[in-house]
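Q: my questions concern the predicted model and sequence given below.
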Amino acid sequence: MDALVTKAYCLAHPVEIVRLFGAGAWLRALLSRRRTLLAIVAERDRHHRVPLPGAPGRAYCVSALIEEAVAAFYRRAARRFRHIPEAAALFDHLAEEEREHAHLMIVCLHAARLPEAGGYVPTVGDPEVRELLARLRALRRGVETMTLEEALAAAEALERGEANVIFGRLLEQVGAPQAAFLRARLAEVEDHTEYVPRRIAELRRGIGLDGAA
């Protein structure tokens, strides 16, 4: 997600950022030490634009909730394994990426068009969504008793699972220019289903992990 959030990117593409998000968002992204471009756009749109109504709008809210829940698991895992700096750094990185995904879903909530008939529109009432959220809450609660290997296996399962499926299918329904910009930048980032397992494999080799925390 670096291309979406860094000051260097904003400096290198001022015309594109200003055209799509306005001079105010561009300046705030440059001047802010902590807040990302996505966070700034999401906050602005949440207060000044009308969100997508009905079931599609609820679907984007649900996806933001899912992404935040995954980020919460990663943050807790980073604290749990802070005595292993390499593992803590990986979980911190994954938490930040999932947090950015949640911000992106909020941006999409304000930039999406109504999907075509038959489009995938999950809501919080769907059984699979309820089950996914329940599993994420259970994972977060169980972090303190996990071994490092168990936490890494959970991370691999999350990146292969329903959270990314829901996120990807919803993103396909976004049609406004702002979201097209975001999609183009996301296309430059490796697929998590390949990227995260590779990072985890590198971590296992780097620390000589043999299944014990």
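A: On my side now, so go ahead. Residues are numbered from 1 along each chain as shown.

Q: and this structure, what are its domain boundaries?
A: Structural domains annotated on the chain: 1-48, 51-207, as defined by automatic domain parsing.

Q: pick out the shakiest of those, pLDDT-wise.
A: With a mean of 69, domain 1-48 has the lowest mean pLDDT of the domains of the chain.

Q: contact partners of the helix or strand harbouring residue 25?
A: Under the assignment given by DSSP states H and E, the secondary-structure element containing residue 25 is helix 23-31. Around helix 23-31, the neighbours that count as contacts under Cβ atoms under 8 Å, 6 or more residues apart in numbering are 7, 10, 11, 14, 17, 18, 35, 36, 37, 40, 41, 44. Bear in mind the C-beta positions are built from the backbone N, C-alpha and C, glycine included.

Q: need the contact list for the fifth one.
A: Contact analysis of residue 17 by Cβ under 8 Å, 6+ apart lists 10, 25, 26, 29, 37.

Q: quick one, what contacts the first one?
A: Contact criterion Cβ under 8 Å, 6+ apart gives 17, 26, 29, 30, 37 as the residues in contact with residue 10.

Q: in terms of distance to residue 207, which of the residues you listed ranks first?
A: Within the contacts of residue 10, the smallest distance to residue 207 is 33.6 Å, found for residue 37 (Cβ to Cβ).
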